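Novice: Quick one, structure for this:
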Amino acid sequence: MSWYESMKRPGWLTFAAVVMFAFGTMRVISGISYLADSNKIADLTQGLFGGNVFWWGIWDLVIAAVALTGGYSLLQNNEYGRVVGYLFSVLAIVEGFLLLFYAPWYGAFAILIGILVIYALAVAADWQSPEA
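Specialist: Numbering: from 1, shown residues only. Purely as a prediction, here's the structure:
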């Protein structure tokens, strides 16, 4: 067995990490747009943080940091990444069901991605990286 074969990570685990990186990157972009007080932002006056979009930007950047560190942790095969991956997947599925009426294609896609990430984490649950 070659060195490359012994270090080979399951493709599903890599897929879950890439989804976490994509999610984190999109949240960084969203957070920056909130912090820039973009004119493309919907009216949030009745939302959790009221009309102050600065705090929405901070919230999105915190979520992005958790997602990006979770994706990196998945690549290192750490437990933190698996927990974050499962939580984000379940939240994506719930969000997808909530958005099915308003944006059916986006909702269905979010549900599908959430299910695939849960499947990826479950399939690669017993994989251990070889010690050097």
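
Novice: Run a quick neighbour tally on Trp56.
Specialist: By other Cβ atoms under 10 Å, 21 other residues sit near Trp56. C-beta here means a position set from N, CA and C on the backbone, and glycine is covered the same way.

Novice: and the helix or strand hosting it, which residues are buried?
Specialist: If you go by DSSP states H and E, Trp56 is part of helix 53-75. Judged by neighbour count using 16 or more other Cβ atoms under 10 Å, the buried positions of helix 53-75 are 53, 56-57, 59-61, 63-64, 66-75.

Novice: before we move on, what about stretch 105-120?
Specialist: In terms of neighbour count (16+ other Cβ under 10 Å), stretch 105-120 has its buried residues at Gly107, Ala110, Ile111, Ile113, Gly114, Val117, Ile118, Ala120.

Novice: Now, these that are in helices?
Specialist: Per DSSP state H, helices hold the following members of the buried residues of stretch 105-120: Gly107, Ala110, Ile111, Ile113, Gly114, Val117, Ile118, Ala120.

Novice: from the residues you listed, which single one is nearest Tyr80?
Specialist: The closest of these to Tyr80 turns out to be Val117 (Cβ to Cβ; 15.4 Å).

Novice: what sits against that closest one?
Specialist: Counting by Cβ atoms under 8 Å, 6 or more residues apart in numbering, Val117 touches Phe15, Ala16, Val19, Met20, Gly85, Phe88, Ser89, Ala92.

Novice: And for the helix holding Trp56, what's in contact with it?
Specialist: With contacts defined as Cβ under 8 Å, 6+ apart, helix 53-75 is touched by 9, 13-14, 16-21, 23-25, 27-28, 30-35, 37, 41, 44, 47, 49, 79-85, 88.

Novice: can you pull the contacts of the closest residue to Ile93 other than its chain neighbours?
Specialist: Nearest residue to Ile93, sequence neighbours excluded (Cβ to Cβ, 6 or more residues apart in numbering): Gly114, at 3.9 Å. With contact taken as Cβ under 8 Å, 6+ apart, Gly114 is in contact with Ser89, Val90, Leu91, Ala92, Ile93, Gly96.
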